[in-house]
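Student: here you go, sequence then predicted model.
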Amino acid sequence: MASPEASQPLPSDIVRIDGYELSCPLPERIGNSRGFFESRGALLVAVTTREGVTGWGETWAYPGAASDIVRTQLAPHLLGQDASAPRRLHDLMLRKLPERHGVPLMAASALDIAAWDAAARTARKPLHALLGGALRESVFAYVSGPFLKPGGDPYRDYPVDLDGYLAAGFRAIKLRLGTSPAVDAAMARRVRERIGAAMPLMVDLNQGFAFGPAADLAHRLVESDVRWLEEPMVHDNLAAYRRLADQVPIPLAGGESLFGVQAFRDVAASGVLGFLQPDLALCGGITEGLKIAALAEAFDMALVPHVWGTAVNFNASLHFAAILPHRGGHGMPCPLFEYDFSYNPLRTMCGEILPDASGAVAVPDGPGLGLDLGPERFAPYLVESWTVR
């Protein structure tokens, strides 16, 4: 039977949850094989405890829909709960969700990241310490880009963009391709000639090809020593991925479109991917990410977090990558850190962490996520806000 003291409010009890829908216009449209976009958006959530500690979380794919779920279905159940027990909160949210995939799990992802940030801040420790301790002080990064441009030659700015990446210190590159196998392969050859033989080069098709063109391109990319081919087809066609994996020598990568450990279990068991890529802001948060990491280790697979969105997901993923065990499969030193270096004030609103001379990004050592974040940081991009208390 619980003691009277156990029912008393705790300093770490959640007393307030705030949501902030953000949208940042881009100076020009950019895109991938599936289309172009002209803005960057995200939902940030702030979980505040009775002691006044605030933790921040994020989801970015469908911020408006996720905001509604957080505000009406999840946040009311977290009020009064202990923010220093994020796994317990995660379990509570999963029991309240109508389904454990898609937008509902994105909404839970934002709150889960915020709870971990609040718990680490309450403990006055960096997030990686609360997760068991970092295995490294920095993580080797690959730059995610360049992006296609609309009208004319979609690859026209690639040479300038590549020069900027190299000047910034990046020592690995993941290209966005997706026009035709012949044109894409020619661009990959040009990039390989520019960066030399030693630098890792990967390719992302963003689910834009059917099986035939994907197989054609994969065979053409062999001469450019491409280390992985990411999401060449729609992510849930495991039969097509199985055929492609059996026919081409380049490892396949994917996972940003998967939600929850069960979806990753099915993909891992199928053996079609060489690299698993969960996005903490989509897959269920840090708690779900830990489950997926254990699954990857059980199947001896490399796990490379997918990173998109704002500074919140950036820092959370960096802490997460710091605790992952080393996996050196397919000639790649894993874990790796995906760095979206495109124009995005939501990523740089608390400053920018650039790669060091070796191409690695330092893991933050401040409390929680290591961010000095408040509404004033993203005020120019605020679309809507709400509070549940």
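Tutor: Noted; the coordinates are in hand. Owing to the predicted nature of the structure, the values given are computational and were not obtained by experimental measurement.

Student: going by C-alpha atoms from here, please, whenever you check contacts or count neighbours.
Tutor: Fine.

Student: after the helix or strand hosting A269, next one along is what?
Tutor: In the assignment (DSSP states H and E), A269 maps to helix 260-270. Note on helix 260-270: by DSSP H and E, the next helix or strand toward the C-terminus is strand 275-276.

Student: which residues sit against that next one?
Tutor: With contact meaning CA atoms under 8 Å, 6 or more residues apart in numbering, strand 275-276 is reached by P251, L252, A253, G254, G255, A296, M301, A302, L303, V304, P305.

Student: neighbouring strands - and their directions - for that strand?
Tutor: Under the criterion DSSP bridges, strand 275-276 sits next to strand 252-254 (parallel), strand 302-303 (parallel) in its sheet.

Student: possible to save the ones you listed as a markdown table with distance to C334?
Tutor: Shown next, in a markdown table, are the strands paired with strand 275-276 (distance: least, CA to CA, whole Å):
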| stretch | distance to C334 |
| --- | --- |
| strand 252-254 | 13 |
| strand 302-303 | 6 |
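
Student: which of the ones you listed is buried the deepest?
Tutor: strand 302-303 (a mean of 28; mean count of other CA atoms under 10 Å).

Student: and the average pLDDT for that strand is what?
Tutor: Strand 302-303 shows a mean pLDDT of 93.

Student: just how off-centre is it within its chain?
Tutor: 13 Å (CA atoms, centre = their mean, to the nearest Å).

Student: how far does the next helix-or-strand element following that strand sit from its chain's centre?
Tutor: Going down the chain from strand 302-303, the next helix or strand is helix 311-323, by DSSP H and E. Computed by CA atoms, centre = their mean, the separation of helix 311-323 from the middle of its chain amounts to 8 Å.

Student: go on, stretch 45-62?
Tutor: In terms of CA atoms, centre = their mean, the centre of stretch 45-62 is set 17 Å apart from its chain centre.

Student: go on, stretch 179-196?
Tutor: On CA atoms, centre = their mean, the centre of stretch 179-196 falls 26 Å from the chain's centre.

Student: what lies in contact with it?
Tutor: Under CA under 8 Å, 6+ apart, the answer for stretch 179-196 is 33, 155, 175, 177-178, 201, 213-214, 216-217, 220-221, 223-224.

Student: would you mark the buried spots in it?
Tutor: Neighbour counts over stretch 179-196 (16 or more other CA atoms under 10 Å) mark T179, P181, D184, A185, M187, A188, R189, V191, R192, I195 as buried.

Student: do stretch 51-68 as well
Tutor: Neighbour counts over stretch 51-68 (16+ other CA under 10 Å) mark 52-64, 66-67 as buried.

Student: how about the strands in this structure?
Tutor: Along the chain, the stretches classed as strands by DSSP state E are 14-32, 35-49, 54-59, 138-144, 173-176, 201-204, 226-230, 252-254, 275-276, 302-303, 337-339, 360-362, 382-388.

Student: so what's the spatially most central residue of the chain up against?
Tutor: For the chain, the residue nearest the mean C-alpha position is V307 (2.7 Å; CA atoms, centre = their mean). V307 makes contact with D279, L280, N313, F314, S317, F337, E338, Y339, D340 under the criterion CA under 8 Å, 6+ apart.
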